[in-house]
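Engineer: sequence and predicted structure, then a few things I'm wondering about:
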Amino acid sequence: MKKIAQVIVNIPTRNIDKAFSYIIPDHYAYIDIGWRVIVPFGQRTVEGFIINISDISERDETALKPITDILDDFAWFGNHMLKTAEWLAEYYLTSLAESYRMFIPGKAGVKTQELYKIADSVSEVQLAELKEASKDNDNKDNFKIIEHIYKKGPLKLSELRKEFRHTISDSSLEDIIKSLLRQKILCKHSKIYKSGLPRLTTVYSLAVDAATAINTINATSKRKPAQLRLIEELLKYNSLDSSQLRQLSITLDTVKRLVKLGLIHTKQVQIIRDSYADREFSAPKLKPTQDQEQVLGQIIPAILEKKFKSFLLRGVTGSGKTQVYIEAVRTARNLGRQAIVLVPEIALTSQIVSRFKAAFNNDVVVIHSRLSLGERYDAWQRLRCNQAGIVIGARSAIFTPADNLGLIVIDEEHEFTYKQEEAPRYHAKEVALTRAKFSEAVVILGSATPSVETYFQALQGEHSLVCLTRRIDSVPLPPVTVVDMRNELAQGRRGVISPAMQDMLSETFSKGEQAVILLNRRGYSTFIMCRECGHVIKCHHCDIAMVYHAANTSLRCHYCQERQAIPDCCPVCGSRYIRYFGTGTQKVEETLTQLFPQAKIARMDQDTTSGKTSHEKILSDFAKGSYDILLGTQMVAKGHDIKNVTAVGIISADTALNLPDFRAAERTFSLITQAAGRAGRGNRPGKVVLQTYNPEHFGILSASTHDYETFFRSEIKLREQLDYPPFTQLINICVLSKDNTEADSQAKAIVAELKCTLRGLNHTSIIGPFPAPISKKKDVYRINILLKTRQLSEVRNRLSELKLHTRKGIIIDVDPLNVL
Ligand SMILES: Nc1ncnc2c1ncn2[C@@H]1O[C@H](COP(=O)(O)OP(=O)(O)OP(=O)(O)O)[C@@H](O)[C@H]1O
Ligand SMILES: [Zn+2]
Ligand SMILES: [Zn+2]
């Protein structure tokens, strides 16, 4: 008996939010839940995912359309992947398609193209009549087009345009096509391409023994030398593909002749691209230290048990967390289970990739943003056919279609990059925990500065807390000298580099050691302010301060890229005292060059690292010792392990403290601790100088002693007093409109709706509406409504009934990390 499939169509519109039913035709009777299929949808043909199968009723048989094609010869979604996708849509209030498609490389398995073809109903006789009619001048162009399509088969509009570009104008071409469609002479035809298809190549090998081949050639051919050489090469290499033939300067003609003679076999084989195949990795084999053994002693049994369990590995900077991950992954692999390792950003973490590559070789697949779609498919293909079992990647790698997942590692779990800032607005940690529950896998969350939420969960027993409290070989953490910049100013020292920092640096360079200097900003000087009236130059489209760029002495908006010249006087009060505020990397670089003319400086910020490999290149050159100083924004503070770095300077520790965000202290603490943690990781002691205007702030104080516990205890008290996460959970609802009053009234209407929907729920409050801190972005006004609740799942249920997320101009962010 026929069956019905419930199919999620892969169309990323927010207003379709259910599955549709299709008949499974007899010839696809074997397909099942989790398969990717092609189905008709309105006028279109689209990709879909089967999420359920049921029996057919008589009524269905006539009412429903059948599935037209399948995309793979296996179920793309394993059971736990389906459940994770379903959870994702429910938790983050997004459409089903938006969440299922996360598991597809490039988010879609097919591409569609509109073609024009002669309608099937048009007969030869009719065509002849049309030809006759075309002798009359008016219809000449019409028939030219029909004839061309008749000859060539279905064509794209662009192909027709190109063909007739000299004879028919674009607009009349379109008019003619429209009229032919109306007359039903032409019809539209959508062609579906599967994307990321395996690449095939032809491989040639000998079909007979060498003597037979040579004898045959000698007997039949004049152009012997080339053919004989081909036989010789085939004897040497066994088989050759077309690119190898090209390298050997053997023409395809030669090959074809021998194929014709039956001397050579041809075979199509799939090429699976491995973008790291040609690179060599080496790292010393490390024997786990006693501390690492003790941590592994808790993690390994859990992996062996093949049950869900999560660990928070809190290990001070340089305590050897990577080696713990490696041993844990080895355990999972020995069981034949797969592992996903998430890192905040591949370009900044090439060291961890190298260590995994050195330990596991080709068993590791690296997924990064520079991979082509084909390469991404291949990476996943390698996993499917067991050529590889370990995936390393940034947050989206959590959606890797691995069927037999045993372990998920999230390194630097506190990093904000694990949250996606577009729909679905997921946090990779939440997805990892959910996916691991469904697949009975172990999760390791690692960090020297765990997020307040994660640490709180661990203390509540949600994750097992395991700790590495010392650096490898008990190397001490670097002492931090705090410089109070207010004192510096009071004593007339206005330089961006204090004498204390200068002393540290000269000492470092005199010993041939290296320094990292962190500046939590970008650009030369950040914004421009009038010293008389306080006016700040802002972007007209985005309501945010324009940033000064010295390179082209202009102002630029970092949201919309709008440029503006620097005004000579204040546009509000006309004062000439309009000056540059703040300090950027370029300015610090100039100062450093003046102070240390011999020092070679590598600058790393968004301006210098827009190129393809710059991040990795700058870091690896610095690691090789090509530079004395690595200077830059946050990105210089992350993850790297360079033994010759003994000094770290933090120039403006507190810029992050002033963000309108309840996590400002946490961000500041972790940034400083991570930066300080780059110093003295080898056998030479490290040193840190930290400049600040808020030396008594608890975040800065505890960072200066690398004291996570103390920081956490103060911070958690504040969170409790103010009823912020982890004591509550937040949902941000952002209303967008080009028209300010429209945005305003819509937001008010939504608040009224929410009040009604959420009535009677305890511990739930609606804050706002209020303009978002960046109240206008690219000419769109933004108004926030913040929900704070201790009953997230109930609030979510009610919001879901309200179907807010399917409305236009509304962004819902569950557990937002950024409400700017
Ligand atoms: N068992 C070991 N024996 C010797 N050296 C080790 C061992 N484990 C790790 N190391 C070395 O210790 C250094 C620090 O390790 P790793 O980079 O993993 O630290 P981490 O905990 O990830 O630090 P961070 O949080 O600062 O990134 C590395 O150079 C690593 O090679
Ligand atoms: Zn002014
Ligand atoms: Zn702008």
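Structural biologist: Great, that's in hand. Remember, it's a predicted structure, so these values are computed and weren't measured experimentally. Residues are numbered from 1 along each chain as shown. Ligands and ions are numbered 1, 2, ... in the order given.

Engineer: so which elements touch the host helix or strand of residue 294?
Structural biologist: Secondary-structure assignment from DSSP states H and E places residue 294 in helix 290-305. Contacts defined by 3 or more Cβ pairs under 8 Å, 6 or more residues apart in numbering; DSSP states H and E place helix 290-305 against strand 309-315, helix 321-334, strand 442-447, strand 464-468. Placement of C-beta: from N, CA and C, glycine included.

Engineer: residues in contact with that helix?
Structural biologist: Here helix 290-305 makes contact (Cβ atoms under 8 Å, 6 or more residues apart in numbering) with 288, 309, 311, 313, 315, 319-320, 323-324, 327-328, 331-332, 335, 406-407, 442, 444, 464, 466-470.

Engineer: residues of that helix that come out buried?
Structural biologist: 291-292, 295-296, 299-300, 302-303 (16 or more other Cβ atoms under 10 Å).

Engineer: near ligand 2, which of these show up?
Structural biologist: Among those, no residue sits close to ligand 2 (Cβ under 5 Å from the ion).

Engineer: what's the angle from the helix holding residue 294 to helix 321-334?
Structural biologist: Angle of helix 290-305 versus helix 321-334, following axes from the mean of the first three to the mean of the last three Cα atoms, to 10 degrees, is 30 degrees.

Engineer: helix 290-305 vs strand 309-315, what angle?
Structural biologist: 170 degrees.

Engineer: okay, helix 290-305 in PDB with CA atoms only?
Structural biologist: Below are the C-alpha coordinates for helix 290-305, written out as PDB (Å, rounded to 0.1, in the frame of the first residue of the first chain):
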ATOM      1  CA  GLN A 290      49.200  14.100  36.700                       C
ATOM      2  CA  ASP A 291      46.600  16.900  36.600                       C
ATOM      3  CA  GLN A 292      45.400  16.000  33.200                       C
ATOM      4  CA  GLU A 293      45.200  12.300  34.200                       C
ATOM      5  CA  GLN A 294      43.100  13.200  37.100                       C
ATOM      6  CA  VAL A 295      40.600  15.100  34.900                       C
ATOM      7  CA  LEU A 296      40.600  12.400  32.200                       C
ATOM      8  CA  GLY A 297      40.000   9.900  34.900                       C
ATOM      9  CA  GLN A 298      36.500  11.500  35.200                       C
ATOM     10  CA  ILE A 299      35.800  12.100  31.600                       C
ATOM     11  CA  ILE A 300      36.900   8.900  29.900                       C
ATOM     12  CA  PRO A 301      34.600   6.500  31.900                       C
ATOM     13  CA  ALA A 302      31.700   8.700  30.800                       C
ATOM     14  CA  ILE A 303      32.600   8.400  27.200                       C
ATOM     15  CA  LEU A 304      33.000   4.700  27.500                       C
ATOM     16  CA  GLU A 305      29.600   4.400  29.000                       C
END
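
Engineer: point to the residue nearest the middle of this protein.
Structural biologist: Centroid-nearest residue in the chain, with Cα atoms, centre = their mean: residue 396, separated by 5.1 Å.

Engineer: work out for me the element residue 129 sits within.
Structural biologist: If you go by DSSP H and E, residue 129 is part of helix 124-133.

Engineer: mind giving me the packing neighbours of that helix?
Structural biologist: Under the contact definition 3+ Cβ pairs under 8 Å, 6+ apart, helix 124-133 sits against helix 140-152.

Engineer: and the helix it packs on, what other elements does it pack with?
Structural biologist: By 3+ Cβ pairs under 8 Å, 6+ apart, helix 140-152 packs against strand 110-118, helix 124-133, helix 157-163, helix 170-182.

Engineer: go again with 6 Å.
Structural biologist: helix 170-182 (3 or more Cβ pairs under 6 Å, 6 or more residues apart in numbering; DSSP states H and E).

Engineer: may I see the buried residues of the helix it packs on?
Structural biologist: Within helix 170-182, the residues that count as buried by 16+ other Cβ under 10 Å are 173, 176-177, 180.

Engineer: from memory residue 56 sits against residue 4, does it?
Structural biologist: Yes: assessed by Cβ atoms under 6 Å, residue 56 is found in contact with residue 4 at 5.2 Å.

Engineer: so which bits of the helix holding residue 129 are buried?
Structural biologist: For helix 124-133, burial by neighbour count (16+ other Cβ under 10 Å) applies to 127, 130.

Engineer: got it, and stretch 728-739?
Structural biologist: Of the residues in stretch 728-739, those buried (16+ other Cβ under 10 Å) are 728-737.

Engineer: CA atoms of that stretch as CSV?
Structural biologist: In CSV, the C-alpha atoms belonging to stretch 728-739 read as follows (Å, rounded to 0.1, in the frame of the first residue of the first chain):
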residue,chain,number,x,y,z
THR,A,728,16.1,34.6,34.7
GLN,A,729,16.1,34.1,31.0
LEU,A,730,15.6,36.8,28.4
ILE,A,731,13.8,37.0,25.1
ASN,A,732,14.4,40.2,23.1
ILE,A,733,11.8,41.2,20.6
CYS,A,734,13.0,43.8,18.2
VAL,A,735,10.5,45.7,16.0
LEU,A,736,11.9,47.1,12.8
SER,A,737,10.5,49.7,10.5
LYS,A,738,11.7,52.4,8.1
ASP,A,739,9.2,54.7,9.6
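
Engineer: what's next to it, contact-wise?
Structural biologist: 743, 746-747, 780-790, 792, 809-814, 816, 819 (Cβ atoms under 6 Å, 6 or more residues apart in numbering).

Engineer: of those residues, just the buried ones, ChimeraX syntax please.
Structural biologist: A single ChimeraX command selects the buried members of the contacts of stretch 728-739 (16+ other Cβ under 10 Å):
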select :743,746,747,781,782,783,784,785,786,787,788,789,792,810,811,812,813,814,816,819
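
Engineer: out of the buried residues of stretch 728-739, who's nearest ligand 3?
Structural biologist: Distances from ligand 3 to the buried residues of stretch 728-739, taken as Cβ to the ion, are shortest for residue 736 (15.2 Å).

Engineer: neighbour count for residue 56 and residue 4, which is higher?
Structural biologist: Using other Cβ atoms under 10 Å as the criterion, residue 56 and residue 4 rank with residue 4 on top: 18 against 15.

Engineer: for residue 218, which non-adjacent residue is closest in space?
Structural biologist: residue 224 (6.7 Å; Cβ to Cβ, 6 or more residues apart in numbering).

Engineer: try residue 629
Structural biologist: Nearest residue to residue 629 in three dimensions, chain neighbours excluded: residue 601, at 4.6 Å (Cβ to Cβ, 6+ apart).

Engineer: what kind of secondary structure is residue 250 in?
Structural biologist: The three-state assignment at residue 250 reads coil, by DSSP: H, G, I helix; E, B strand; the rest coil.

Engineer: now it: how far from ligand 2?
Structural biologist: 76 Å (Cβ to the ion, to the nearest Å).

Engineer: same thing with residue 749?
Structural biologist: From residue 749 to ligand 2 the distance is 39 Å (Cβ to the ion).

Engineer: buried ones in stretch 422-442?
Structural biologist: For stretch 422-442, a neighbour-count test (16+ other Cβ under 10 Å) marks 423-439, 441-442 as buried.

Engineer: kindly report the same for stretch 64-71.
Structural biologist: Within stretch 64-71, the residues that count as buried by 16+ other Cβ under 10 Å are 64, 67, 70-71.

Engineer: which residues does that stretch contact?
Structural biologist: By Cβ under 6 Å, 6+ apart, stretch 64-71 touches 21-25, 36-40, 109.
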